[in-house]
Every structure is written in C-alpha cells, then in structure tokens.
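Participant: Compute the structure for the input listed below.
(4 chains)
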There are 4 protein chains.
Amino acid sequence: MTRIASIHRVPMRHPGDVSGVAALIEDGLDPAGIVAILGKTEGNGCVNDFTRAYAVQALSVLLAGRMGMTPEAVAERVAMVMSGGTEGGLSPHFIVVSVGETSAPPMRALAIGIAFTRDFAPEEIGRMAQVNATADAVRAAMAEAAIDDVHYVQVKCPLLTSERIAEAEARGATVTTHDTYHSMGLSRGASALGVALALGEAATVSDAAIGTDTSLFSGCASCSAGVELTRNEIVVFGNSPAWAGDLTIAHAVMQDGIDLPAIHDALRGAGLDPGGGQLAPDQAARLVALLAKAEPSTSGRIRGNRHIMNDDSDINATRHARALVGGVAAAATGRTDLFISGGAEHQGPDGGGPVAVIARKP
Amino acid sequence: MTRIASIHRVPMRHPGDVSGVAALIEDGLDPAGIVAILGKTEGNGCVNDFTRAYAVQALSVLLAGRMGMTPEAVAERVAMVMSGGTEGGLSPHFIVVSVGETSAPPMRALAIGIAFTRDFAPEEIGRMAQVNATADAVRAAMAEAAIDDVHYVQVKCPLLTSERIAEAEARGATVTTHDTYHSMGLSRGASALGVALALGEAATVSDAAIGTDTSLFSGCASCSAGVELTRNEIVVFGNSPAWAGDLTIAHAVMQDGIDLPAIHDALRGAGLDPGGGQLAPDQAARLVALLAKAEPSTSGRIRGNRHIMNDDSDINATRHARALVGGVAAAATGRTDLFISGGAEHQGPDGGGPVAVIARKP
Amino acid sequence: MTRIASIHRVPMRHPGDVSGVAALIEDGLDPAGIVAILGKTEGNGCVNDFTRAYAVQALSVLLAGRMGMTPEAVAERVAMVMSGGTEGGLSPHFIVVSVGETSAPPMRALAIGIAFTRDFAPEEIGRMAQVNATADAVRAAMAEAAIDDVHYVQVKCPLLTSERIAEAEARGATVTTHDTYHSMGLSRGASALGVALALGEAATVSDAAIGTDTSLFSGCASCSAGVELTRNEIVVFGNSPAWAGDLTIAHAVMQDGIDLPAIHDALRGAGLDPGGGQLAPDQAARLVALLAKAEPSTSGRIRGNRHIMNDDSDINATRHARALVGGVAAAATGRTDLFISGGAEHQGPDGGGPVAVIARKP
Amino acid sequence: MTRIASIHRVPMRHPGDVSGVAALIEDGLDPAGIVAILGKTEGNGCVNDFTRAYAVQALSVLLAGRMGMTPEAVAERVAMVMSGGTEGGLSPHFIVVSVGETSAPPMRALAIGIAFTRDFAPEEIGRMAQVNATADAVRAAMAEAAIDDVHYVQVKCPLLTSERIAEAEARGATVTTHDTYHSMGLSRGASALGVALALGEAATVSDAAIGTDTSLFSGCASCSAGVELTRNEIVVFGNSPAWAGDLTIAHAVMQDGIDLPAIHDALRGAGLDPGGGQLAPDQAARLVALLAKAEPSTSGRIRGNRHIMNDDSDINATRHARALVGGVAAAATGRTDLFISGGAEHQGPDGGGPVAVIARKP
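Facilitator: Reported below is the predicted structural model:
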C-alpha cells in the first residue's frame, strides 16, 4: 500500500460551525486519518480572539463523537491550528489534512510528515533549545514521510505565561522575557529558525539573533503560538516520491506585501497558470489551498510609500497586513478562501513572507 | 494658447501635512491654476473621521496665504475632496489637479471640466431634482472643456442635517429620509445617477430607483457627501482633442472586489502594460493616479465565498472593502499610493465599482 | 417543603472557562436545579460577538456531562443568556440561578418563575402576537411561582433570518422588516412591551408603537435576541411570600446613563445602604447581582451635554453605553462584576434603563 | 491691582469647532489674557489621534486673527493641551484658562502659574535632567504666582523621534529608548516625578526609577507628550492669598478606577457637597472643571475582579480606563463635560490617579 494525502477545504458559517467537517466524514472521510486541521476564523487574530479556541472546542467535540474518544484525546492526536483574522474579503474556512492508503503505485505527490518535540521548560522557549529541537523534529518528520522537497512547515508552539515564568524562576532559571505577549513572537521566531536550520536556509543561529536578526528566516515556516501546549507540534508539507495522489505543493517568498510575482511563482510551481494575472475559473478550481504569512514592514513603508499599519490604534497592524496580502492573493487566484496568517517573525523577510500553494494536478 | 491639465501626487506625513503641496508651489506650480485637490487621508472614512476636515483646513490656510485670499474664498474656488481610509497598505497622499495653458498645439489629452449645480433645497436631496441638476452640470462641464470621452466624474454633494430637515418641514416640504447618515448615501446615489444620465449609462431614473435599484449605475462616477456644501460640485476627467499635454485617462468597471482583469483593462486603456500581472517599475512610474470605488457586496459573498465585512462590529464594512480593493489594485500596479474610496451607491455594480487610471504617455 | 432560589456569581477567565460553574457543582450545587445561567462575556456585544455562543457551548458540554444528557437537552432545559461586552472596568462572570427546596417555612424571599411561549411564525416577530404571548407567559410564570412583586424579567427572544423571511413570504405572509439586524431590536422591543403589559406598566400597545414610541416601556424587562430559538424564554425574578431563603430583589429605573440616585434606590430597596455614595465592603459583599440595561440616548445628549456614542464608527454605541453605566454602577457598589447589558428598546426610557439588585439579607 | 484667574468651559461640536472660544472673546474675554487652553477631543487618544492637532490648528488660526499675530506666535504664547478620548458619556469641550487683573483686594483664590524649562537634548528626555528641570520650573511658577497650595500641575512635554535619536547618536550620546512610543511614557513619567520632587511628594528620584518604580508618583501631576515641542511647558493650578476671584481648587488621589470617595473628597475640598452621592443641580452648576487621570491597573484586576482592558486588541486599554473613570466621575458630579485623560505614568498610584476640582464659591 502507498500513503496518500488528502486536503479538504470547507467553509464555516461561524467559528463554531463544524458542519462542513461533519459532512466530509458523512461522505466517507475516515476521521482516524485526520492528522491536522487548519482554520481561518473571523476573530481579530490578536490577544482576545476567542474564535480560535471556540473552533477548536467545536472540532474536538465533533471528532470525539465520531471517533469514540474524549475531546482531550482528539486534541492530543490532531494538530488543530486556528489562525484568526479574515480582514478585507477573506473567507472563513477549515483545511482538513488527512493521510490514507492507496493501492496505487508510488509517484511524486504531496506528502505530510508529523513530529512533536519534547516538552520545553519555560527557560527554553524563544532560545536555542527550542530552535534545535524544532530542527530535529522537522528532520524526523521529513525522514518518516520520505519528503525530499519541503514547501511549508506549520508549527504550533508554546508561549510563556506568568505561572510558567514563576515556576522557572523558583528553580533559579531565567526566561528570555517577562512580557508574555512578546514571548509569543520569540517562540514563533525560534520555531521558524529551527525550520530554517533543518532546511538549510540558515547555517547558524544564536540566542542573540532570535527576534532581532531579520536577515535570518525560513521561506517555508508558518508558526503560531498557543497557550494550550508546552511542546512544538510540526506538520511538514512537501512532495515525496514514495506517496501517491494527484496533489502537489510549491512555494515562493514574497519580498513585500504586494509581491504578486512571488504568488505567481508559487502557483506556477504547483502547476497552475495565472496567465495574464488571475487564475481562470478552471485553474482556480484546482487550487486546493494557498497558505501565506503577512506582516507590516517595520520600516513603515512599502516600496518607498508610507503605510499606516504600525500607527493605527483602532485596527491592529497585523489586521491591516492580512487584509493587504489577502487582497493581493485574491487578485492572483480569483478566490478569497485563502489561509493568510499574521505574526511572521523569521518567517520570510521583513514585511514579506512565505506563500505556499497546494494544487490538484490536471 | 491651448489648455493643459497637470496632476501632481504628493505624500502626506499626517492629515495636516500640506508641505508636499507647498513644495509644488515653491517649485513653480501656479496656485491660481489649481481647480481640485483630492486627498486620501488616514481616518476611518466614516462618521467621525475628522482627518478630512483637518486636511481641508490645512490646505485652505496654505492656499489662502499663497493666493492672498481668505480660506473661505479658497474653499469656494477649489474643489477639495478628501476620502478617509488607508486600510491595508494604502498610502496617504494628495492629488493636485490644475489647469494651465501651453503654446503647444491641441492634441488628444487629459482634460478637466468643472461645474457646479445651483443650491439644493433639502427636499431635493436624494431625489430627481438632484439627479437632473447633476446631469445638466456634467453636460455643461463636458461642453466647456470640450471633453468627448469621459472616464471619471468626481462629485461632491450635500447631505441632510437636522437643521435642514426642520427648515424644509417648517415650509411643509417632506424630505426623503430623516436619517442623516442615510441621506449621505441617497445624495451620493442621486449624484451618481445624474452622471449615468449625462453619460447615457442609464436611460431613465425615478425617485423610487434611488438607493434601491442596484442595476442602475454609472461606471465613471465617484461621489462623496459633505456637510459643508448645499450644491453639487463636479469635476469631469476625460480626454479632449482640444487640450494638450502628455497625460491620458481610461477606466473600467470592476464587477466585484477582486476583479484584477478590470484594473488591467483600465491600465491598458491608459497605455500601461501590466504584462504578467503587475506593472514593471518603469510602467509604475508612469502611473499618475488610480482612482477606484470599493463596496462590500450586499450578498455577503464574493464569487460564492462568504465575506465577513457586513457582520463585523469592530471594523466598518467600508474599511474592509477599501483594504481589499487596495490590495488588488496594489497587486496590479506595484504601488500603494492609490485613491481607493468607499460608499459606492449607484457607482458600479453591487460589490464592484469604477476604476480610472491617469497615466503619462511614454 | 418550600421552594428556595439560589444565585451564584462566579468569575470566568475567558469565555470558554466554565471551571467556576464546575466548582459550584463539585461543592454541592445540584445541576438539576439550575434553571438559568446569565453570563457577561468579553466580546463586543454586537453582531460578530462569538464569545456568547462559545460560553453557551462550554456550559452545555459541562452540564451535559454532569447531568447525563446531551448538550441539546441541556440547552432545552436551562435558559442560558449571554450578554457580550465588558467595557470599561466590567468583569466577565456567570450568574447561576437555581431552584431547590428547603424545610424552612415560607417567608417573603426571592422567587424565580420560568415560562416559554409557543414558537412564533416569522410574521409574528416584532408584532402584537409576540407582545401578547409574552405577556401571557409572564403572567403564567408569576402565577406558577406565586410572585406578587416582580423586579426583573429576563427574556430571550428570536430574530428574523433570511431563511425565516423567505419561508413566510413563500406562504404569502409579510414580515415587519427585511433587515435582520433591525429585527433583533423589534423582537426585543415587542418582548419588553409584553412584559410592560403583564406588569401594568403599559395599558395598551399596538404594532405601530413597537420600535417607535419610546414613551412606552417596562422598567423591569431585560431582553436579548438570539438566532438559536423561535420562541420567547422568560425568567421572572421577584419576591414571593411562598418561598424561603435569605435573598431579596428590588429595582429602579435609571432616567439617563448617569442616574446614580436610581441605582442607590435599587440598592436600598434590596436592603443595602450606599451611605455617602458607595457601598462599604461589608455591604458590597452582600450584593449578589446587579443587572442593568444601558443605551445611548437618541438625542445625542446627556443632561444637555453632547456625547459621541452615536457618531463613533470605531466603537459601537452600545459599547460606550455599557462602559458608562458600568462606571456609574461600579461607583455605587465598589464592584465591577456587574451584569450591564445593551440593546434596551422599550426597556426603560430613552437613554436610561432598568436596574435590578439581588442582595443577601443581613 | 490684584491678579484674578478665570476658567471658561465651552462645548465643541467637532474638533475643529472653536466657535465657543470665539463667542467668549466676542462676549468680552481679552484674548491676550489667555494663558492656556485644555481640550477634550473625540479622537482615540492614542497614536493616530489627529483630533488634537486639528483642534490646536483651529484654535491657533482663531486666536491669531483675534490677536493680530501669526498662528506660530500664538502657539508659542498659549499652552494648548489637547487630550483625546471621550469614551463612554464624556462630552468634548475646551477649558479656557486666562489671567486678568481686578481692583478687588487679595483674598485666597485660584491662581495660575506658568513656566517653561529650557529645551532638552534628546538624551535628557525621560531622565533626571528632565526631572530636575521640571522641578525647578514648578518651583518658579509657584513663586511667580505666589501659590502656596498646589492642586494640579499640567505639563506638556516632548518625546523622542527617529530624527532626534539620530541627532543625539551622531554626537555620541545615548537615548533612554529607541521606541518612540515608549518615549512618550518616559517623558510623561519624568515630568511627573519632577512635579513630585517640587511638591515634596517624592524625596529622591533616580534614572532607574523612571518608568519602573510605581510607588513614586505625584498626586497633582497631569502630563501629556507632544511631538511639537522640545521643552516642558508647565501650568500650575493652586490657591494663593495674593490673588482674587470666586474660584477655588482642591484635589484628591483615586486609589483605583472606581474610587468614588476620592472624587467626593476633591469635590468637598473645593466647597461642593455631593450629599448622598451625586451633586445636586445647583452644586453641579458651580463645578467649573474636573480634571482626572485614568489608567488600567497593571495587575489586570480592580479590587480582585479581572478587567479586560489590557487584553483587548480592538479597543486600546487607555480608552477603557477613560470610559470607566468618566462614568465614576459623572456619577459623582451629574455632569459629563469632564477632563479625564489617559497615560498616567507616575501620576497617582498604579490603576488610580489624581483628580482635581475647580469650583465657584457660593
């Protein structure tokens, strides 16, 4: 038997609406094969965005019922990565990632590798311990899934809380920051640099570079921090000669938020033709998922012109960035159900970010 | 002597920063030739957006000093149309429109026509009286400027206030709405339908159609309502065989918020080549202004996928729409100093809108 | 045996945190006795506030587990009314309302009456059919619980959706509005007027008065509309000579958003002494719940001075109103875990609203 | 002749509406006597709040016309301190502070002292150089105005900009922070500690304490940072035996955001009687100005209950704090035209702040 990856994209009417996932299972998708669910929910994507946890709770209850286990066991087994924020025209949706078997012979196709690091001590978060453990896990996932061509690495990583900091300091350990919000960025950044190390995108990384040296980055990493875990959970998306199926993945790196040519490169890499600029409907129908990172440039400028993202006290800067990149990606694809995510420390260059495309072969 | 239009686009560091306009005058622009200034300011573009009035005040004080007249006289003479909202990556800027003379022979070139309607009684706003007077004024501006090819009509129109409603009702007249915010949309809509009548885009209009029949629209109109005036002020942008200069204008109609091909059409119409999707730097440098209208679709969908613009109580729907269209237009042009404006009643189809491009000939 | 009402107020760390309710049950509260749970969650309290549904889902899962029934059965049995919005200093919390029995003799004490109307047809919502059915249900709840002194009536009511409107119109019926958001206000208003009829606060009501005649209101009603039901669910809080326990309830009507004396009246009515202005700590400890409605005045003024609530396009008017009334109520009580709710159509006078206080006797 | 202070509070219809100030001058107020104008404008009070600069520009143009000088000369002469944010029910208004002469004999009355520090080098901002110069200026203003009883010190102070930082570093100097937003807080904090030193509220201050040691604070200071100046401008409000008039001032320190008793203390200190909680109308009419600082507690709690101010990514924490304190102060006074300002580093204890009351004697 040969392994085969499937990707289903289903809309949600609200963050608790898992009827699309339920319908997939009713239509025959084996819930036991689900290894990850990515979701784009319609919250603010910032501190008080509870749409993410609400969606995870709804998914856990659904899958627990379908799989005959507790919601906690589901959460242990399936990587559920919710990204808040559907600014501009973005459309809320889930991306269900599952792995099955087929009697077809191996051929080069989309493959999924999963790995988890050990639990991190608080003093390891945002530091080289997290970088190195992430790099090891990425390599393990690649090896296990026989992936020789990585294009997208989704990492879910922990953050520091007041309790965790206190626990570490009671032992005499020191943490990298006392600002729990800032720890999210450092954990994402360390995770991304771990991906960069594993993929050879960076040769060396040091504690001092994490969160500061923007020249070091991965063009494949997409990291999100969550309070509910203490380890890194890693899903590697790539192509493998040992899998089967009609899906393929490619990626490119946007140099800034309006880098349409980079998105075109990723589309073409996955076998789609944007022609004069936007995918024609038949091509758009073969686009299974577009996953990109968005960030405001710290310079306050895009190609020399001032943007106001960093100075807006009414709308968070990351919301502006997602709206912008969402518009550019919709221009390229003619679709709005795109996974545009914010918080791109060491994930692409300053103001830019990775963009990956999964497509069905013709 | 032949008339010649010039368009200068200058950045602003904040809504009161008119140093870019001052520099134009110091560099030789005759302030007496300025007929209109459009501005994209960084407010919310909604009710309590004071960045627009702040910019107008700063421009009035500047021009009053340069022209030796009172700020009130400047406001009477120059149409100052501020559009709030630079969501996503949009960059705040002014577009200074001026008319001069040249000894060059006439050739087909960008021409600017100006006209004002009479003052409207409150009961005329949002009704056929406003439609017809606007249509007449558009025709007059076209005739005066010898424009035979209209591409963009900027209209500044009045709105109902509690005082104006009371004055009308004291006379026994009835107004079209008691909701002053709603009157803005009706005034914009009536103005746009006047443009549509003048340009032959609509054959007939009735009171009942204003604000309701979305099948009636102009593909050239861009209307904004302001409390400071009681007449319609109209600036017609088109090409004329009787003017001179190296500028030209074209337009297209976006069918929805992600209609990249329509933007490409407008660019090509103005002699720019978007090639594989985005203007190359030399082409982008010849783009003098892109002016577009953005609106959320009332269906709540874009090509079948749900958007959340109309349900977001944190960010106004028009802000999402500007961010989206701004992203799509930036994808096409490689620039972010674009005049994307909201509030598009009868200005393009539901969820879409006009897009005009002014470019310098090679 | 005599009936006895208990009220427990527990904090929540986030909208999905039901650990406080779980702890009550572990400490001996019989989950089968819970008749209602009110929650103040930290969303925006407007259209896209998913913290309410998230909290309901979390409560349903918890109670289903504790009571051995499905979450749906729990929702059918327990009225769960979540009010979003903890602006200013308000503190998120649940108020658990339960009914038990005691061997103590009857005495005048807090009593809880529950009633449901029949399901409404879409064309009945926001009209006299809903008013009259609500009035009947309030009377029934009062009779069943032997309440002769009503102070607070919590109503959960339905709203119109596009589907419900279409169903009605397919039958040839007409609905009161096609604006689904507006239907929430009309449903709340009709429900409040039903309470007013039942309590004799209004003598007659007509379809035309619903949503327009602000002189008609209930000083006891607190209504919230939800998409998940098609009937009205009613919880009447009052005092009864046939119940027992050490709780009592009183209310007053705030004439505007800064009516501190009205709050003092309600406190005193429930046996608490605000003394020079704010409850001393021992008195504040006896305050079991304060429930109030907040609304911006439509005049745009408070005692002659302009407020900006209705003109703010960044923050919804109801958020400002909750913040204001929350501050005034915190001034009176020295507490911030107060149930201040928005959307007060026909619930108190324009710009004001009911305030009820449940207190423990000394 | 004896010096006499006058305070006029006038409403504004929008941030550019200075008609109330114009009416004062037409009614006889000598514009040459105006020493300061405080304004509560309806912006967000944060980074992109342009209502402050808009109001200053409108005031400068008005006063320049009335006084026959340039707007720049007006800004040099009159301290114009705009505080953005009228959340909850707060009402936008100007407070015009002027000094004149009277033939009445000296008596204990409100007195106003003005002083300016020298210009600060960038490396001095947020450090002891600013603290000490502020302390000296406060003492000088007190001496000049013969104030022996200080209750409120308004300080307008500079901040670091990228240009100023670069200038300093080019000279080899180091600045206290590279985060320009953070420099606003440090400048406010250093200014407040200067006030505390001058008034004996703090015995010693060090560079290390600025921005970190919240136990050091002034109960009279109210500081705001602005980009348009490089010195500190100080307006001391107190009582003096050498002035005349029927105004008096008092103050108290709120220990948290719901400290109604502290507001009562300040009211009583100024001769007003809050009676059972709220000033009666005749007393409220004698309230000339209430000036208070508001800040979210860094603990995330108020008297043990969680607040959500610091976790809200939709509404800035300072906006919640102003709404809360505005509600509490409105409860005490029965008025909403109150000067509640955010950003209270070293201005009162953590989560609390100074509150000053200026009242007319009976």
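Participant: Show me where the stretch 51-200 of chain A has its strands.
Facilitator: When assigned using DSSP state E, counting those that start in this stretch, the strands of the stretch 51-200 of chain A occupy the ranges A:79-84, A:93-102, A:109-116, A:149-157.
Participant: Show the average pLDDT along the first one.
Facilitator: So that's strand A:79-84. Mean pLDDT, strand A:79-84: 94.
Participant: who touches it?
Facilitator: A:35-46, A:49, A:51-53, A:55-56, A:59-60, A:114, A:154, A:156, A:224, A:233, A:235, A:339-342 (CB atoms under 8 Å, 6 or more residues apart in numbering or on different chains). (Each C-beta comes from the backbone N, C-alpha and C, glycine too.)
Participant: how about the strands of the stretch 51-200 of chain A in TSV, adding mean neighbour count?
Facilitator: Below are those laid out as TSV (neighbours: other CB atoms under 10 Å in any protein chain shown):
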stretch	mean neighbour count
strand A:79-84	24
strand A:93-102	20
strand A:109-116	23
strand A:149-157	26
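Participant: Kindly reformat these as CSV and extend each row with distance to residue C:202.
Facilitator: What follows is the strands of the stretch 51-200 of chain A, written out as CSV (distance: least, CB to CB, whole Å):
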stretch, distance to residue C:202
strand A:79-84, 44
strand A:93-102, 48
strand A:109-116, 63
strand A:149-157, 56
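Participant: Please report the distance of the residue of the stretch 201-350 of chain A at minimum distance from chain C from residue B:267.
Facilitator: Chain C sits closest to residue A:314 of the stretch 201-350 of chain A, with a gap of 4.7 Å, by CB to the nearest CB. From residue A:314 across to residue B:267, the span is 32 Å (CB to CB, to the nearest Å).
Participant: ditto for residue A:217
Facilitator: Computed as CB to CB, the residue A:217 to residue B:267 distance reads 33 Å.
Participant: and what of residue A:342?
Facilitator: Counting by CB to CB, the gap from residue A:342 to residue B:267 is 30 Å.
Participant: Same check on residue A:168?
Facilitator: Counting by CB to CB, the gap from residue A:168 to residue B:267 is 57 Å.
Participant: Looking at these two, which has the bigger crowd around it?
Facilitator: Between residue A:168 and residue B:267, counting by other CB atoms under 10 Å in any protein chain shown, residue B:267 is the more crowded of the two (25 against 18).
Participant: doesn't residue B:331 make contact with that one?
Facilitator: No - in terms of CB atoms under 8 Å, residue B:267 does not count as a neighbour of residue B:331; the distance is 11.7 Å.
Participant: in the stretch 1-150 of chain A, which spans are helices?
Facilitator: Taking DSSP state H, counting those that start in this stretch as the criterion, the stretch 1-150 of chain A contains helices spanning A:19-26, A:51-67, A:71-77, A:128-145.
Participant: Quick one, which of those gets closest to residue B:249.
Facilitator: Counting by CB to CB, residue B:249 lies closest to helix A:51-67 out of the helices of the stretch 1-150 of chain A; the figure is 43.8 Å.
Participant: returning to what we had before: among the helices of the stretch 1-150 of chain A, which gets the worst mean confidence?
Facilitator: Here these differ in mean pLDDT, and the lowest is helix A:71-77 at a mean of 89.
Participant: Tell me the helices and strands packed up against that helix.
Facilitator: helix A:51-67 (3 or more CB pairs under 8 Å, 6 or more residues apart in numbering or on different chains; DSSP states H and E).
Participant: CA atoms only for the helix it packs on, dumped as PDB, please.
Facilitator: Provided in PDB are the C-alpha atoms of helix A:51-67 (Å, rounded to 0.1, in the frame of the first residue of the first chain):
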ATOM      1  CA  THR A  51     -12.900  32.400  17.800                       C
ATOM      2  CA  ARG A  52      -9.800  30.200  17.600                       C
ATOM      3  CA  ALA A  53     -10.500  28.300  20.900                       C
ATOM      4  CA  TYR A  54     -14.200  28.200  20.100                       C
ATOM      5  CA  ALA A  55     -13.500  26.500  16.800                       C
ATOM      6  CA  VAL A  56     -11.000  24.000  18.400                       C
ATOM      7  CA  GLN A  57     -13.700  23.200  21.000                       C
ATOM      8  CA  ALA A  58     -16.300  22.600  18.400                       C
ATOM      9  CA  LEU A  59     -13.900  20.400  16.300                       C
ATOM     10  CA  SER A  60     -12.900  18.500  19.400                       C
ATOM     11  CA  VAL A  61     -16.500  17.700  20.400                       C
ATOM     12  CA  LEU A  62     -17.300  16.700  16.800                       C
ATOM     13  CA  LEU A  63     -14.300  14.400  16.300                       C
ATOM     14  CA  ALA A  64     -14.600  12.900  19.800                       C
ATOM     15  CA  GLY A  65     -18.100  11.800  19.000                       C
ATOM     16  CA  ARG A  66     -17.100  10.400  15.600                       C
ATOM     17  CA  MET A  67     -14.000   8.700  16.900                       C
END
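Participant: residues touching residue A:103, list them.
Facilitator: When contacts are counted by CB under 8 Å, 6+ apart, residue A:103 touches A:1, A:2.
Participant: wait, what's in contact with the residue nearest to residue A:154 when sequence neighbours are not counted?
Facilitator: Nearest residue to residue A:154 in three dimensions, chain neighbours excluded: residue A:235, at 4.4 Å (CB to CB, 6 or more residues apart in numbering or on different chains). Counting by CB under 8 Å, 6+ apart, residue A:235 touches A:35, A:36, A:79, A:81, A:97, A:112, A:113, A:114, A:141, A:153, A:154, A:155.
Participant: From residue A:96, how far out is the fourth one?
Facilitator: Yep, that's residue A:81 we're talking about. Applying CB to CB to residue A:81 and residue A:96 gives a distance of 12 Å.
Participant: what do those two both touch?
Facilitator: Contacts common to residue A:81 and residue A:96, judged by CB under 8 Å, 6+ apart, are residue A:37.
Participant: For the residue nearest to residue A:154, give its distance to chain D.
Facilitator: Plainly put, residue A:235 is 27 Å away from chain D if you go by CB to the nearest CB, to the nearest Å.
Participant: Helix or strand: which one has that residue?
Facilitator: Element membership of residue A:235 [criterion: DSSP states H and E] is strand A:233-240.
Participant: Pull up the pairing partners for the very next helix or strand once past that strand, direction included.
Facilitator: Per DSSP H and E, the first helix or strand lying C-terminal to strand A:233-240 is strand A:243-244. Partner strands and pairing direction for strand A:243-244 (DSSP bridges) are strand A:2-11 (parallel).
Participant: and residue A:350, what is it in contact with?
Facilitator: A:214, A:295, A:297, A:298, A:299.
Participant: partner residues bridging the residue in the stretch 101-250 of chain A that chain B sits nearest to?
Facilitator: Closest contact between the stretch 101-250 of chain A and chain B, by CB to the nearest CB, is at residue A:250 (17.0 Å). Residue A:250 has these beta-bridge partners by DSSP bridges: residue A:357.
Participant: pLDDT at it, what is it?
Facilitator: 98.
Participant: which ones are touching it?
Facilitator: Counted by CB under 8 Å, 6+ apart, residue A:250 has contacts A:151, A:266, A:267, A:268, A:269, A:270, A:271, A:356, A:357, A:359.
Participant: about what we covered before: so what pLDDT did the residue nearest to residue A:154 get?
Facilitator: Looking at residue A:235, its pLDDT is 97.
Participant: what do you get for residue A:281?
Facilitator: At residue A:281, pLDDT is 97.
Participant: distance of the closest residue to residue A:112 other than its chain neighbours from residue B:17?
Facilitator: In space, residue A:112 comes closest to residue A:5 once its chain neighbours are excluded; the distance is 4.8 Å by CB to CB, 6+ apart. The spacing between residue A:5 and residue B:17, counted by CB to CB, is 53 Å.
Participant: Which of the three states applies to the closest residue to residue A:273 other than its chain neighbours?
Facilitator: Spatial nearest neighbour of residue A:273, chain neighbours left out: residue A:283 (5.9 Å); criterion: CB to CB, 6+ apart. Of the three states, residue A:283 takes helix under DSSP: H, G, I helix; E, B strand; the rest coil.
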